[in-house]
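Student: Sequence and predicted structure, then a few things I'm wondering about:
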Amino acid sequence: MALNQDENKKDNLANTAFISEKIKQRPINRKKLLRRTVITISLAVVFGGVACFTFLLLQPIFTDTLYPEKEPEVVSFPAESASDELTPEEMYAVEKEIAASEAMSLEATQKDQIDQALASYTFGSSDYEKMISSLKGVASEASRSIVKVTAISNDNNWFSSSFESSGVASGLIIADTGSNILVLAFYDNLADAETIGITFCDNAMAEASINLVDKITGLCVLTIKKSALSSDTREKIRVASLGSSNSNSIAGLPVIAIGSPVGVQGSIAYGIVTSEKTSIDLPDSSYKLLTTDIYGSKQGSGVLINLSGQVLGIIDMKQEPSDLSNNICAIGITELKALMEDLSNTKKRAYLGVHGVTVPQEFQAFQNVPAGAYITMTELSSPAMRAGIQSGDIITAIGDTEITSYEQLINKLAQLSPDDVISITVMRQAPTDYIEIVMDATLSEATHN
């Protein structure tokens, strides 16, 4: 019996012997593990790239939806009356009237005392100093509207004095649209710029972009985001106050040139307007030239202001008459206002390409010349030349609109757009009389981005 039990135990031990066998771990396939790791990392990179691209693509949409930016306000300049400024005769009459009114209110003894004081008063150097200080105060206040416009081709240009002599000019703040500051400047210094830098009156700097460029005058409007300016800078700068260059006569009135009239930023010069009757010979325009007795620089830029700080003209030394030597000249602000509106509102202008004058009434009456816009020249390869308009032609109508002066022609063109096809009626001189010719012209662009 005991023997049988021993045998059974041996059998049981034999059956369970495998339980005590050592189990070996399966060997690691390093190549397979490396391949899976690489695949996982690659998928993570692809997923991250797709996520970043999707975010960058949709972020502006989400931002515009959640925080929509206000549309810039439309820029407009108030229409001028026949004469916004008093002539010297009017100013004298007003002063005389005020003086008479004040004299009547004074007691006789007071009037005698004042007369005696004035009679014995001697004008001295301190009075002259006070007068110049007063003029400088006007210039300093108006200079808050002046900016330095820099054409930047690399980071060093901000501080390169040699670059500043050819790549820097003065610009004028003409509008605040709520979200943007608009600056009027000449484009010739900016044509090859990689970026455009603006330096304000407090030396704060910002980057600008070009709104539109006028190919006729060379003027452009630059846009600066207000969000890029500090609240302190926004408080210090101001939009320029525009005066009138179309009053009865501003010749002989004192003016101040600010910006860089002598080629140095921040320079100031004083003088008088010597003439405002000359028209600038540019196509499709009737801008007036203001000349002064102020000696400046061929590279001068900036504006002319009156003693109230209002802008009368934009300095443009390219228009200087050949018989004047470095005298500051400016384009009258009145005639520029319509162009400034279009450039500010990104409204492209139509281009015909004609130079002209209004046929004088005496020629109409005594020489039987038709009323209209007398064409003195057509620009080469212009829509006018392609249509067949010649010098000596008189434009009397565009479409159904009668044209009786060159100014009317300019105003009509301002209402049209590039690529418009217009019908032009001209009177052309024949051996015995004028004959009527109707021709079609396809307008092109006078402005570009």
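Tutor: Everything's here; your move.

Student: any idea whether S244 is helix, strand or coil?
Tutor: Taking DSSP: H, G, I helix; E, B strand; the rest coil as the rule, one finds S244 in the coil state.

Student: my guess is it meets E335, correct?
Tutor: No. Look at S244 against E335 with CB atoms under 8 Å: they stay out of range, at 10.5 Å. From N, CA and C alone the C-beta is placed, and that goes for glycine too.

Student: Which parts of the stretch 51-200 of the chain are helices?
Tutor: Using DSSP state H, counting those that start in this stretch, the helices of the stretch 51-200 of the chain run over 88-105, 108-120, 125-142, 161-167.

Student: Now do R234: how many residues are near it, please.
Tutor: Look at R234: counted by other CB atoms under 10 Å, it has 14 neighbours.

Student: before we move on, what about the one 3 residues further on?
Tutor: Counted with other CB under 10 Å, residues neighbouring I237 total 19.

Student: Angles on the backbone of it, please.
Tutor: Note on I237: backbone dihedrals following degrees, to the nearest 10 are phi -80, psi 160.

Student: what ranges of this protein fall below the confidence cut-off?
Tutor: Applying pLDDT under 70 to the chain flags residues 1-34, 38, 45, 52-72, 79-111, 113, 117-118, 154-166, 247-248.

Student: biggest strand in it, by residue count?
Tutor: Looking across the chain with DSSP state E, the single longest strand is strand 267-279.

Student: Show me what that one is in contact with.
Tutor: With contacts defined as CB atoms under 8 Å, 6 or more residues apart in numbering, strand 267-279 is touched by 132, 135-136, 139, 245, 249-262, 286-296, 304, 312, 321, 327-328, 332, 357.

Student: now do 7 Å
Tutor: For strand 267-279, contacts defined as CB atoms under 7 Å, 6 or more residues apart in numbering pick out 135-136, 139, 245, 250-258, 260-262, 286, 288-294, 296, 332.

Student: now for the next helix or strand after that strand, which elements pack on it?
Tutor: Of the helices and strands lying after strand 267-279 in sequence (DSSP states H and E), the nearest is strand 288-295. Judged by 3 or more CB pairs under 7 Å, 6 or more residues apart in numbering; DSSP states H and E, the packing partners of strand 288-295 are strand 267-279, strand 327-332.

Student: Now do strand 288-295 against strand 327-332, angle only.
Tutor: Strand 288-295 runs at 150 degrees relative to strand 327-332, counting by axes from the mean of the first three to the mean of the last three CA atoms, to 10 degrees.

Student: which parts of strand 288-295 are buried?
Tutor: For strand 288-295, the neighbour count (16 or more other CB atoms under 10 Å) marks 288-292, 294 as buried.

Student: can you check stretch 236-252 too?
Tutor: Residues of stretch 236-252 classed as buried: 237, 240, 242-247, 250 (neighbour count, 16+ other CB under 10 Å).

Student: from these, which single one is nearest L413?
Tutor: The nearest member of the buried residues of stretch 236-252 to L413, counting by CB to CB, is N246 at 19.4 Å.

Student: Show me the one of the helices and strands packed on strand 288-295 that comes nearest T378.
Tutor: strand 267-279 (17.3 Å).

Student: quick check: angle from the closest one to helix 125-142?
Tutor: Per the same axes, to 10 degrees, the angle that strand 267-279 makes with helix 125-142 is 70 degrees.

Student: Quick one: residues in contact with stretch 394-401.
Tutor: In contact with stretch 394-401 (CB under 7 Å, 6+ apart) are residues 359, 370, 372-375, 402-403, 409, 412, 422-427.

Student: In helices, which of the residues you listed fall?
Tutor: If you go by DSSP state H, these have 409, 412 in helices.

Student: In PyMOL, select just the buried ones from the contacts of stretch 394-401.
Tutor: Filtering those down to the buried ones (16+ other CB under 10 Å) takes a single PyMOL command:
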select buried, resi 359+370+372+373+374+375+403+409+412+422+424+425+426+427
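
Student: show me where the stretch 201-350 of the chain has helices.
Tutor: 231-236, 333-344.

Student: The longest one: what's the following helix or strand?
Tutor: Beyond helix 333-344 on the C-terminal side, the first helix or strand identified by DSSP H and E is strand 350-351.

Student: ok, that following strand: who's next to it in the sheet?
Tutor: Sheet neighbours of strand 350-351, with direction, are listed as strand 444-445 (antiparallel) (DSSP bridges).

Student: who touches the strand it pairs with?
Tutor: Residues contacting strand 444-445 (CB under 7 Å, 6+ apart): 348, 351, 383, 418.

Student: which residues touch the first one?
Tutor: It refers to K348. Contacts of K348 (CB under 7 Å, 6+ apart): 212, 417-418, 445, 447.

Student: before we move on, back to that, what are the buried residues along the longest strand of the chain?
Tutor: Buried residues in strand 267-279 (16+ other CB under 10 Å): 267-269, 271, 273, 275-276.

Student: ok and that strand relative to helix 333-344, angle-wise?
Tutor: 100 degrees.

Student: From A441, how far out is the residue lying closest to A414 once chain neighbours are set aside?
Tutor: Of all residues not flanking A414 in the chain, A338 sits nearest, at 6.0 Å (CB to CB, 6 or more residues apart in numbering). From A338 over to A441 the distance is 21 Å, taken as CB to CB, to the nearest Å.

Student: So which of these two has more stuff around it?
Tutor: A441 (22 against 15).

Student: any idea how far the residue nearest to A414 is from G48?
Tutor: Distance of A338 to G48, given as CB to CB: 54 Å.

Student: Also N203?
Tutor: N203 is 43 Å from G48, by CB to CB.

Student: same deal with S241?
Tutor: Taking CB to CB as the measure, S241 falls 55 Å from G48.

Student: In this structure S344 contacts C220, no?
Tutor: No. Counting by CB atoms under 7 Å, S344 stays clear of C220, with 10.6 Å between them.

Student: A384 looks like it's in a strand, true?
Tutor: No. Under three-state DSSP, A384 falls outside any strand and is assigned helix.

Student: what sits against it?
Tutor: Neighbour list for A384: 352-354, 378, 441 [criterion: CB under 7 Å, 6+ apart].

Student: Can I get these in TSV including secondary structure?
Tutor: TSV is the format used below for these (three-state DSSP):
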residue	secondary structure
L352	coil
G353	coil
V354	strand
T378	strand
A441	strand
